[in-house]
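**Student:** show me the folded form of this:
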Amino acid sequence: MKKQTFLKGSLILMASAASAKVLGAVFKIPLTNILGGVGMSYFSCAYSLFMPVYALIVTGISSAVARMVARSAALGLYGNARRIRNVAMIVFTAAGIPGSLLMAVLAVPFSLYSVNGPEAAPAVAMIAPAVFLGCITAVERGYYEGLSNMYPTAVSQVTEGVVKVFAGLWLCGYVTENSGKVMRLLPGVADVRALAAAAGILGVTLSSAGAVLFFGVLRLFVRPHEDCGGHLDGRREIARGLVREALPIGASAVVTNLTALIDMWTVIGCLTWTGGYAGRLPGIPAGEVPRFVYGSFAGIALTVFNLVPSVTNMLGKGALTCIAGAKECGGREEIRRGTLQALLAAETIAVPAAVGMGLFAPELLGALFPRQSDEVSICVGALRLLMPGMVCLCMAFPLFSMLQAVGRAGAPLKIMLAGTGVKLAGNLLLIPVMGINGAALSTSVCYVLILASATRTYLRCTGISLGTGAYIKVLYAGAMCGGAAYLSAEMVSRTFQDGAIVRLAAAALTGGAVYAAAFYALFRRELPSGRKCLSCGEK
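**Tutor:** Model prediction:
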């Protein structure tokens, strides 16, 4: 139960998120290869309903619990922190039960009106229990994060990833290999891909159950902090505070996840209306082309796009407790240092990743999805257009957490609402002209505007100044990385004509080495050996 500094806690969470994302890729890539574009449209349809419901009920829980626990822990009121945890468990599990029931009830009508047809209903129903299970997990994670102990969150994320890989892929594979037997048991479903998608998504629900089991075991072995006495808040006061803090965060997350719903309806709808890609996919029946394109975009391009933001999102969790504690003690300089460190760390990770994914999109997608050449051909241009948005999203996530930490939990909601409006208008205008690339471009424009608005709001409410010099240096280092990676890949391609993997490996090694050298050269004065870092105050 030892506390961790912001830097250590963020590194722990980022390492666990990276591990979870690797496991997620191990799950999603074979799943896409099994299901194909149409099967992934059923899978993505279930997620497009699940994520807004999950976001509204679950997403704000860990942040609200973490912030309230962090305030109590900063004052040494560990008994009050445990009371916050217990009240949160009662309040939010009571909200999770109707959330899961709502998902189950909406499975059939949502599928009928989602332009995917009733075949998507089994997948929606299979993921419904994850809302309730997610509430329990979120309370536990928020409690330990508020105590500046990120190990439980980290281990639970990896546990989820492991269970999802083994359970989801095994179940999906079993249904695919025994399709005749399964179809006889469920004669009402006409497409075996719908049942395979439902089996795969059941792995997500089982992974949430695995995380709940982990925290149950953890409670048996972890000794709580000694209670030094002090004030205990009333249970009603705690409940009101939790709901007051969680609702704006959840509403903001709902708006964030509305982009998935917007893509589902506008991509399929616009392509059906305009007849886009007609004749360009000869192996796909004409009636399935819009769903095929949407499933490819959601299952391939957006999967790769979300890899890095999900890692840098962990910086926001680390920054939330740091900034909340600094605000409680009135430390403006500590707020500035924590903010600068979180944003620079996010940019430092996102820029080289975006450059590499953009330059080597064909090789990367071809290596990840070797059996889906048609799907990959659709997504190469879209992935490149998503990269500016990925960098902005990586930096916006920590800003949203820090806005919550300084008492502006409602600001991300307003910012995301405006961004979602831009996304909707962009899709409707660009998809008829550019196809799926229009959806990707509108996503990037949306997140550029969101980052600009979030930065302006945060600086105004904190009164701090960050400057732009450090961020420009990171962009310059990223450009050096891209140039070196491209030249290295071109030299290798002269020797290995068909060596896409070799090109990727050479580009990654060369670009990474040049990026590290450029970064060190640009920041060596700010990070002298054995002395304190000017951005974070740590050695």
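
**Student:** for the closest residue to residue 332 other than its chain neighbours, give me phi and psi.
**Tutor:** Sequence neighbours aside, residue 464 is the residue nearest to residue 332 in space, at 6.5 Å (criterion: CB to CB, 6 or more residues apart in numbering). Heads up, the C-betas are built off the backbone N, CA and C, glycines and all. With angles defined as degrees, to the nearest 10, residue 464 sits at phi -100, psi 170.

**Student:** tell me the domain ranges of this structure?
**Tutor:** Residue ranges for the domains of the chain, per automatic domain parsing: 6-466, 468-539.

**Student:** distance from the chain centre to the shortest one, please.
**Tutor:** What separates the centre of domain 468-539 from the centre of its chain is 24 Å, taken as CA atoms, centre = their mean, to the nearest Å.

**Student:** can you list the domains of the chain in CSV and add mean neighbour count?
**Tutor:** Below are the domains of the chain laid out as CSV (neighbours: other CB atoms under 10 Å):
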stretch, mean neighbour count
domain 6-466, 21
domain 468-539, 16
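
**Student:** would you reformat those domains as TSV and include mean pLDDT?
**Tutor:** Shown next, in TSV, are those (pLDDT from 0 to 100):
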stretch	mean pLDDT
domain 6-466	81
domain 468-539	79
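
**Student:** distance check, residue 415 against residue 98.
**Tutor:** Using CB to CB, to the nearest Å, residue 415 is found at 28 Å from residue 98.

**Student:** kindly report the same for residue 86.
**Tutor:** Taking CB to CB, one finds residue 86 at 21 Å from residue 98.

**Student:** helix/strand/coil for residue 465?
**Tutor:** coil (DSSP: H, G, I helix; E, B strand; the rest coil).

**Student:** now the spatially closest residue to it that is not a sequence neighbour: which helix or strand?
**Tutor:** Distances taken as CB to CB, 6+ apart put residue 459 closest to residue 465, at 7.1 Å, once the chain neighbours are dropped. According to DSSP states H and E, residue 459 maps onto helix 436-462.

**Student:** same check on residue 408?
**Tutor:** Counting by DSSP H and E, residue 408 is part of no helix or strand.

**Student:** check contacts around it.
**Tutor:** Contacts for residue 408 (CB atoms under 8 Å, 6 or more residues apart in numbering) come out as 457-458, 461.

**Student:** likewise residue 233?
**Tutor:** Listed by CB under 8 Å, 6+ apart, the contact set of residue 233 reads 80, 83-84, 241.

**Student:** mind listing which of those residues are in strands?
**Tutor:** Applying DSSP state E to the contacts of residue 233, no entry is found in strands.

**Student:** distance to residue 523 added to the residues you listed, as TSV?
**Tutor:** Formatted as TSV, the contacts of residue 233 follow (distance: CB to CB, whole Å):
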residue	distance to residue 523
80	41
83	44
84	39
241	40
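
**Student:** go ahead and confirm residue 99 touches residue 129.
**Tutor:** No - using CB atoms under 8 Å, residue 99 makes no contact with residue 129, being 10.0 Å away.

**Student:** distance check, residue 296 against residue 284.
**Tutor:** Taken as CB to CB, the span from residue 296 to residue 284 is 10 Å.

**Student:** again, but for residue 492
**Tutor:** Per CB to CB, residue 492 is found 34 Å from residue 284.

**Student:** check the gap between the most centrally placed residue in the chain and residue 394 for me.
**Tutor:** In the chain, the centroid-proximal residue (CA atoms, centre = their mean) is residue 310; its distance is 3.7 Å. Distance, residue 310 to residue 394, by CB to CB: 9 Å.

**Student:** do the same with residue 450
**Tutor:** Going from residue 450 to residue 394 by CB to CB gives 12 Å.

**Student:** what's the answer for residue 464, then?
**Tutor:** For residue 464 relative to residue 394 (CB to CB), the value is 20 Å.

**Student:** again, but for residue 447
**Tutor:** Note on residue 447: its distance to residue 394, by CB to CB, is 9 Å.

**Student:** tell me who's in contact with the residue nearest to the centre of the chain.
**Tutor:** Taking CB under 8 Å, 6+ apart, one finds 17, 20-21 in contact with residue 310.

**Student:** before we move on, back to that, from the chain's centroid, how far away is the helix holding residue 459?
**Tutor:** On CA atoms, centre = their mean, the centre of helix 436-462 falls 16 Å from that of its chain.

**Student:** packing partners for that helix?
**Tutor:** The elements that helix 436-462 packs onto, with contact taken as 3 or more CB pairs under 8 Å, 6 or more residues apart in numbering; DSSP states H and E, are helix 235-274, helix 289-296, helix 332-359, helix 373-405, helix 411-434.

**Student:** right, and the helix or strand after it?
**Tutor:** Remark: after helix 436-462, the chain's next helix or strand is helix 469-495, criterion DSSP H and E.

**Student:** just checking, what packs against that following helix?
**Tutor:** Partner elements for helix 469-495 (3+ CB pairs under 8 Å, 6+ apart): helix 332-359, helix 500-523.
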